[in-house]
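> Pasting a predicted model and its sequence here:
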Amino acid sequence: MQIMKKYWLIAIGSFFIAAAIVVGLNHILSLGTYEITVEAGGSSNLSLSVYYVENEFWENPLSSSSLFLRVFMDYIEIESRFSASFSRELDITYQYDAIKRFVIMHSGSVIFEEIIPVSHHAGQASGRSFSLNSEDYSPIGRYIIQPDEYFAVFEEFLDFHARQIELAGGEPPAGFRGFSADLFIDFTYSFNAASIGLGHSITRGYRIPLGLDVFHIETTGASAGFSAGVDLSEPGIELNVTLVIILAAMALAGSFGIYLGINKLMINPDPQKQLVNTILKKYNGEIVMSSNLMDLSAYTVLYVTDFEELLKISINSSKHIMGFRNPSVAMFCTISDNFAYIYDIKFNKQEKVFYIGEENNADEQTQI
């Protein structure tokens, strides 16, 4: 159990040092700057519904993918939505614009264009996402278009063009004579996070042909989804003095624990052996160690009860102290006249140990 406690001291000390090293390295690596990418993504969603005048052939509304008949068309309902999300919280400014463009062309070239603003909205938002739709910003995003209004303008233009030809002495043209007209509905959404230089703009809409009796309505502009990103150098954390002090204390405590554990492991668990080690260390200059068991057959053996007593005899008689040690016993002896003064220490409760010659005069042994 005692040995286990010593190993626990080493284990706990090692844990403290390892934890201090790991946390310290992580803190050091977090200093300075690091590169991150801030990303944005989202979509612009359009929906279109066509309504005919009441009739017995079609049920309203008609699908946006249908082939439409201009003479039956009453109105068109268009709805536009926009949403965006970000990889981190941002402060952004945004803007939304809806416009109608009435365009008259001849042989594919624009000869007249009128831009009619429909809706404008600008604002600010914070967070990881935002959206614009008719529910949140009514009436933003939902519009009613009546194509006949613009077809009437187109017919007025054709009449005006024919009159001008007549005034010039020409023959009035029949039909459109190469002219065509389109009504464009464009929705533009944009956002900008000025603090990091991240922004994006997307325009989508519809094209409605006005010079055809039978036609499709086409989607124009960018694709519905989008993504954008910007690479940034982010500042790392600052040096935390308190953390440094705590880590230093952990390392010091761990080192002290390891020192105590190793020191305890090196201490001999037998107190008798510890005593011998102390004597040999303290009185190294007064003891001559022998590799052989001493022959005391010519002397009367006297035992002393303490090494200090043996030391007194050695000093007073000016004799060296002889020492011998094996796994069972340690013996210290000094010879004065015909007496052998002995102080011995037996290890692990060993039985009596006789020295060479000691068994011959055991009856003369005396303890002093």
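Yep, it's here.
> Name the helix or strand for residue 87, please.
Using DSSP states H and E, residue 87 sits in strand 73-106.
> quick one: buried residues of that strand?
73, 75-76, 78, 80-82, 84, 86, 90, 92, 94, 96-105 (16 or more other C-beta atoms under 10 Å). For every residue, glycine as well, the C-beta is placed using N, CA and C.
> List the strands paired with the one helix or strand residue 324 maps to, with their directions.
According to DSSP H and E, residue 324 maps onto strand 321-325. In the sheet, strand 321-325 lines up against strand 287-290 (parallel), strand 329-336 (antiparallel) (DSSP bridges).
> and for it, what are the contacting residues?
276, 280, 283, 286-294, 310-311, 314, 330-335 (C-beta atoms under 8 Å, 6 or more residues apart in numbering).
> Stretch 124-137 too?
Stretch 124-137 is contacted by residues 79-94, 96, 121, 140-142, 189, 191 when judged by C-beta under 8 Å, 6+ apart.
> how about 6 Å then?
With C-beta atoms under 6 Å, 6 or more residues apart in numbering as the test, stretch 124-137 has contacts from 79, 81-83, 85-86, 89, 91-93, 96, 141-142.
> got it, and stretch 213-233?
33, 35-41, 43-44, 68-70, 196-198, 200, 202-209.
> thinking again about what came up before, now the strands paired with strand 321-325 as CSV including mean neighbour count, mean pLDDT and distance to residue 272?
Converted to CSV, the strands paired with strand 321-325 look like this (neighbours: other C-beta atoms under 10 Å; pLDDT from 0 to 100; distance: least, C-beta to C-beta, whole Å):
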stretch, mean neighbour count, mean pLDDT, distance to residue 272
strand 287-290, 14, 88, 17
strand 329-336, 21, 91, 8
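> In JSON lines, list these along with distance to residue 159.
Shown next, in JSON lines, are the strands paired with strand 321-325 (distance: least, C-beta to C-beta, whole Å):
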{"stretch": "strand 287-290", "distance to residue 159": "134"}
{"stretch": "strand 329-336", "distance to residue 159": "133"}
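> Residue 299 is nearest to which of those?
strand 329-336 (6.4 Å; C-beta to C-beta).
> Show me how far that closest one is from its chain's centre.
71 Å (C-alpha atoms, centre = their mean, to the nearest Å).
> now stretch 69-81
That offset, for stretch 69-81, works out to 51 Å (C-alpha atoms, centre = their mean).
> ok, residue 64 - how many residues close by?
Counted with other C-beta atoms under 10 Å, residues neighbouring residue 64 total 17.
> so how far is residue 70 from it?
Going from residue 64 to residue 70 by C-beta to C-beta, to the nearest Å gives 16 Å.
> hey, where'd the strands end up in the stretch 251-368 of the chain?
287-290, 300-303, 321-325, 329-336, 339-346, 366-367 (DSSP state E, counting those that start in this stretch).
> Mind putting those into CSV with distance to residue 248?
Below are the strands of the stretch 251-368 of the chain laid out as CSV (distance: least, C-beta to C-beta, whole Å):
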stretch, distance to residue 248
strand 287-290, 45
strand 300-303, 55
strand 321-325, 44
strand 329-336, 44
strand 339-346, 45
strand 366-367, 57
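> list the buried ones in stretch 204-223?
With burial defined by 16+ other C-beta under 10 Å, the residues of stretch 204-223 counted as buried are 204, 205, 206, 207, 208, 209, 210, 211, 215, 217, 221.
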